[in-house]
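Novice: quick one, fold the following:
(2 chains)
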Amino acid sequence: MSFRTRLWLAVAAVALVSLAVLAVGLRRELSIRLSADYARRVEATVLAIEDDLRVQGDAVTERLIALGGALQADNRFRLAAVAGAESERPYLLDYAGTMIGLSGLSVLQIQDEAGRIVSSGHFRNEHGRPAPALVDRLMADPDAVVFVLARTADRRFLALTRGVAVRFGGRRFTLVGGMTLDERFFGRLARDREVGVSLLYQGLETVSEPDPPAPSSAVAGQDGGDGAGPDGPDDPADPVVGRLVVPVIGADGEVPLVAEAEVLVTLSGSALQALLGRVDSWFVGTAVATAVAALLMAAWLSSRISRPLAELADMTAVLDLDRLDIEFEPRGGDEVSTLSGVLGDLTARLRSSARRLREAEHRAVVGQMARQVTHDIKNGLIPLRNVFRHLSQVEAGDPAALATVFGERRGTIDASIDYLETLATNYGRLSPPPDLRLCDLNAVVEEVKRLSGDEDVRLLARLADDLPRILADPVALRRILENLVGNAVDSLADGRGTVTVTTERLDGPEERAVKLTVADTGCGMSEAETQNIFTDFYSTKTGGTGLGLSIVRRLVLDLQGTVRVASQPGVGTEVTVQMPAGSSGRAPTGVRARERL
Amino acid sequence: MPAVAAESPRVAPVTVADTPRATERPRVADCELLPGAGPPIRRVALTETVDAAHAPRPTNDSERLLFRQLYDTLVRVDCAGIVRPGLAASWRLDPTGRTWVVTLDERARFSSGDVVTATDVVSSWSVPGGGGRLHPEVRQIVESAVPVNRQVIGITLRTSGSESPRALADARLAIATSGPGPWPLGTTALRVLDRRRAEAAGVVTIALGLVGVADDTVGGSESVVRFLVTPGADSRDRLDEDDADQQIDLLVSSDPAVLAYADAQPTFISVPLPWRRTHVLLSLARASPNRGAPPTLSLESRQALADDAVRQESRGAEGPFWWESLGGCGPVVATRRRQAASPSRRPSGRRIVFRASDPVSRDLVGRLVGLTAFDDPHATALLETLFPAGADGLRGAGLDDAAFDRALGAGGDRAYVVRLARQGLDPCAQLRAFVGRAAWVGSGAAVRAVTVPLVDTRARAVVRRGRIGLTVDHDGMVVLAGARGARP
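Specialist: Now for the predicted structure:
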């Protein structure tokens, strides 16, 4: 994950979490407070409706009282109802129907003292039906708010009903009147466009406008003045419901199967829901803006941080002892600039160190070269010294044989001089390319054996007859042999012992190889000495350069060969060199072929 | 085409001398509502829309009243049920006994003066451009009509076996022909003069003048009868009219408020017209194959309904009723091929359905529903008679005309309160029309079983005191004296 992505995620997470907490908290507070406010409104509306119902009932009573007065003054009604004049019977039957419209009532019936309906306005043709229980119930509490389940020929309906008694002609009549509980009635009660008032009774639901949603949860409401107030909804979408319970009487005065009607006051939660929706919208918008801002900030910060860091990283990646020309230029005063400065200082120190290192290496190389040269020169001079020592011995012992011995040893002198000349030439060219040619290792062994000339050392050569040639630089081969043989001879105690040089042909599954073994009966080495035997400048000999075997190892490696040392203190040492054979096969005996690869 | 009655050598010609002889006829004066001397009726109030395109077949009572003054039928039936000549002078049955040979009165004229011919009669009964196909309403009564010659028509009625072609007096068989104006030319002594519209008063005036009287003498002529059409208006306004040109002489109404108001007016009298309609209750549950004829309401019960329920002038329904004389009608096939309801099927509805525009039906249904709440043995017995399937939960349902026709046709409700003509010229034709509306009724026997007569109603003629010249026909419709005056 890139730094930019991490930065963006971090900024976005911090900002969004804060926003989310704020939004959730704000939302919850709004919901709680507004729900409580709605509940208070509904509670207040329920109380107001209860009062309104009582007021409406009182208005009905007033109209009935007025009707009663008119009734008492109506001679035709008296003739029909009291005197029983058949001619006025139609007038009697139609009386309530005529008065119902004039009085503004929707239910009106006149009942005699036996409770029989003598005239009905809302249901003209149910006259004659006895309903004394209705009169008794209404007159038991004339001021009560009660609904009567009235009916006509084609429907039932609830009416807010009252009863008023009137006496004339020595008889008592009861006027039963009321207002239909229809949409207009509840529309007047609602008083608030957001408040819905509905009446629930069996199947006579009547609602005001706007049509309120069905309540999803029961809420305790007013019940004749008792009961707890409405609670807020659990879900803001749920309407707040208040309830007013009103008793219901049947048209005959009986207690119907469902004796109570409920006036439900509902306040739609849609406004709250809409508000919460807007809060959510603001939250979403702010969150999106925050995310975008975080992205931009991350992009800007990354451009301020990541890019310089990446550039520094790229520049640092290029740094090498061979590439210290990188310039770190600190820009600005920030941490990246500081880091750039540090890297610049580091690079400068590295340059200095590298320079010193190169100088040291140079000196080391020079020193090493000097030691190498010294070593090689010594190797080249040793045969010469041996020859001159021999000649000196001969001159001292048998001067007459000096010329003969000189003639015998002249080849050694010439070879050593040639060797030294070659060394000089090579060193003059510093690192000349190897002169690879197919070489006969046995011949090189013979040469080195011949040039070693120490009479106290028994130098044995066990050479394989079918030894294949190897592709190598003859000088390198001779240096290998001279170093190995020289070390072996040097390891002999008191200069006495045996050095055995063995060549052997190896036929492997994939290639042929040549194995060269130089074993001595010298003092041997410990394991620790053996481990370090190829380390530069490590020597077990006093005054040794410590470069012989390291040179041998390097030369063998250059020939794609391997070199192993096995030694045992007090027993001797055996150095084994294995080199791959060349592609042209075995060289003719005694012929040194020069072939280039 | 039925053959003209030719005397067969083997069968003596049978002439059914149905044309009543003069000595057998009751006096026309028996059907006069306003005997005596005095000025004739000159202004008539109509309270429903009148459309000339409907002529000569009326669609409401106002058209029925107006068209009766203009369009005559081949025969007439007076208030006593006596068949009298109309445009026809004579009639007889042909030997097959199915076809009436009707001879036109040679004096029969259209209001244009043209002679009424047999072809005119057949054309009047046919669908214009229908290739001789009879009008559907005519086909309820007439099976075929063929001009024999200029004055003789062979008419085969759908109901045979009658002793007289009284069915030809049906208003749907009135004779008319197209005229130059919107009104078809009639055959009475009156004709439509013009149609002046009095915009300010919202009154449409249709003036009828005597045939032969020139239009230019219309202006204050006493021979002109004006019909003042005020659809939907309160008829009492017509009685209170101060404008002399707008004051009416005749108003036919059954509205109790109007009649009560007229009775209180010293300038008007109200004359009862014949009991013209009967309201019945139809209840399929009353028809049961396992029972005999179901009981019907007593006259007292019907009268109680009339007294307690109906605000219009009414009485307990009195027979005989046309559906009680359907023996010779034969099988009736519903024109819409509705499957007759099985008598064993009990409708599941709880409605008593009625036509909302009929106040009498509304009153009756209201009373029946109100009685269901009575804890009274009489009420209980009445309800059991009317509703053998039970009366619990019954409620009324007033429907508009189209919905009512659909409900009646379906037969799925508990009962129906329907207004029927009390008497009919052709009971079988009435049965066919009835079954066409309610195929579930089935046969004539079923009609009697499912039908319970409740109340009869009638209208009254409110006439300006002193006016004369009003007779009444078999169906209770009034005819102005000038309409059936002597033809010039």
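
Novice: residue 153 in helix, strand or coil?
Specialist: I went with chain A, as the question did not name one. At A:A153 the chain is in coil, as set by DSSP: H, G, I helix; E, B strand; the rest coil.

Novice: please refer instead to chain B.
Specialist: Recorded secondary structure, B:I153: strand (three-state DSSP).

Novice: specify the beta-bridge partners of it.
Specialist: Beta bridges link B:I153 to B:V102, B:P147, judged by DSSP bridges.

Novice: the stretch 351-488 of chain B: strands as residue ranges?
Specialist: B:351-355, B:395-399, B:415-421, B:451-457, B:460-464, B:470-472, B:478-480 (DSSP state E, counting those that start in this stretch).

Novice: kindly report the same for the stretch 1-150 of chain B.
Specialist: B:43-46, B:75-77, B:83-85, B:88-93, B:99-104, B:142-147.

Novice: how about the stretch 151-300 of chain A?
Specialist: Listed in chain order, the strands of the stretch 151-300 of chain A (DSSP E, counting those that start in this stretch) span A:156-168, A:171-180, A:195-200, A:206-207, A:240-250, A:260-267.

Novice: quick one: contacts of stretch A:252-262?
Specialist: By Cβ atoms under 8 Å, 6 or more residues apart in numbering or on different chains, the surrounding residues in contact with stretch A:252-262 are A:129, A:131-137, A:147, A:149, A:158, A:199-202, A:243-250, B:373. Quick note: C-beta positions are derived from backbone N, CA and C, even for glycine.

Novice: what does the stretch 251-400 of chain A have sitting close to chain B?
Specialist: A:251-252 (Cβ under 8 Å from any Cβ of the partner chain).

Novice: give the full set of residues in contact with B:W322.
Specialist: Here B:W322 is in contact with B:420-424, B:427, B:430-431 (Cβ under 8 Å, 6+ apart).

Novice: can you narrow these down to the ones near chain A?
Specialist: For chain A, no contacts are drawn from these by Cβ under 8 Å from any Cβ.

Novice: from those, which land in helices?
Specialist: Counting by DSSP state H, the contacts of B:W322 place B:427, B:430-431 in helices.

Novice: how close does A:D440 sit to chain B?
Specialist: From A:D440 over to chain B the distance is 130 Å, taken as Cβ to the nearest Cβ, to the nearest Å.

Novice: repeat that for A:A73.
Specialist: 21 Å.

Novice: and that residue, how many neighbours does it have?
Specialist: By other Cβ atoms under 10 Å in any protein chain shown, the residues close to A:A73 number 10.

Novice: before we move on, the earlier item: got TSV for the strands of the stretch 351-488 of chain B, with mean pLDDT and mean neighbour count too?
Specialist: Shown next, in TSV, are the strands of the stretch 351-488 of chain B (pLDDT from 0 to 100; neighbours: other Cβ atoms under 10 Å in any protein chain shown):
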stretch	mean pLDDT	mean neighbour count
strand B:351-355	95	26
strand B:395-399	94	20
strand B:415-421	94	22
strand B:451-457	94	24
strand B:460-464	94	23
strand B:470-472	90	22
strand B:478-480	91	24
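
Novice: possible to save those as JSON lines with distance to A:S526?
Specialist: JSON lines is the format used below for these (distance: least, Cβ to Cβ, whole Å):
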{"stretch": "strand B:351-355", "distance to A:S526": "128"}
{"stretch": "strand B:395-399", "distance to A:S526": "128"}
{"stretch": "strand B:415-421", "distance to A:S526": "134"}
{"stretch": "strand B:451-457", "distance to A:S526": "143"}
{"stretch": "strand B:460-464", "distance to A:S526": "157"}
{"stretch": "strand B:470-472", "distance to A:S526": "162"}
{"stretch": "strand B:478-480", "distance to A:S526": "160"}
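
Novice: over to the residue of the stretch 1-150 of chain B found nearest chain A: give its phi and psi.
Specialist: Residue nearest to chain A within the stretch 1-150 of chain B: B:T47 (21.6 Å; Cβ to the nearest Cβ). Note on B:T47: its backbone torsions stand at phi -110, psi 10 [degrees, to the nearest 10].

Novice: does it touch B:E63 like I think?
Specialist: No - contact criterion Cβ atoms under 8 Å: B:T47 and B:E63 do not qualify, at 11.5 Å.

Novice: could the strands of the stretch 1-150 of chain B go into CSV alongside mean pLDDT, distance to B:P180 and mean neighbour count?
Specialist: Below are the strands of the stretch 1-150 of chain B laid out as CSV (pLDDT from 0 to 100; distance: least, Cβ to Cβ, whole Å; neighbours: other Cβ atoms under 10 Å in any protein chain shown):
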stretch, mean pLDDT, distance to B:P180, mean neighbour count
strand B:43-46, 92, 24, 25
strand B:75-77, 92, 28, 23
strand B:83-85, 91, 29, 19
strand B:88-93, 94, 27, 20
strand B:99-104, 95, 24, 24
strand B:142-147, 94, 25, 20
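
Novice: export those to a markdown table and tack on distance to B:D240?
Specialist: Output for the strands of the stretch 1-150 of chain B, formatted as a markdown table (distance: least, Cβ to Cβ, whole Å):
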| stretch | distance to B:D240 |
| --- | --- |
| strand B:43-46 | 12 |
| strand B:75-77 | 35 |
| strand B:83-85 | 38 |
| strand B:88-93 | 44 |
| strand B:99-104 | 46 |
| strand B:142-147 | 45 |
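
Novice: can you say which of the contacts of stretch A:252-262 are buried?
Specialist: A:129, A:131-132, A:134-135, A:137, A:147, A:149, A:158, A:199-201, A:243-246, A:248-250, B:373 (16 or more other Cβ atoms under 10 Å in any protein chain shown).

Novice: and the residue of the stretch 151-300 of chain B found nearest chain A, how many neighbours?
Specialist: Nearest residue of the stretch 151-300 of chain B to chain A: B:P256, at 7.8 Å (Cβ to the nearest Cβ). Residues lying near B:P256 (other Cβ under 10 Å) number 17.

Novice: can you check A:P569 too?
Specialist: Neighbourhood size, A:P569 [other Cβ under 10 Å]: 13.

Novice: enumerate the residues of chain B near chain A.
Specialist: So far as Cβ under 8 Å from any Cβ goes, chain B lies against chain A at B:256, B:307-309, B:311, B:362-363, B:365-367, B:369-370, B:373-375, B:395-398.

Novice: how does it look with 7 Å?
Specialist: Residues of chain B lying near chain A by Cβ under 7 Å from any Cβ of the partner chain: B:308-309, B:311, B:363, B:365-367, B:369-370, B:373-374, B:395-398.

Novice: show me the residue at the heart of chain B, geometrically.
Specialist: Taking Cα atoms, centre = their mean as the criterion, B:D475 is the residue nearest the geometric centre of chain B, at 5.5 Å.
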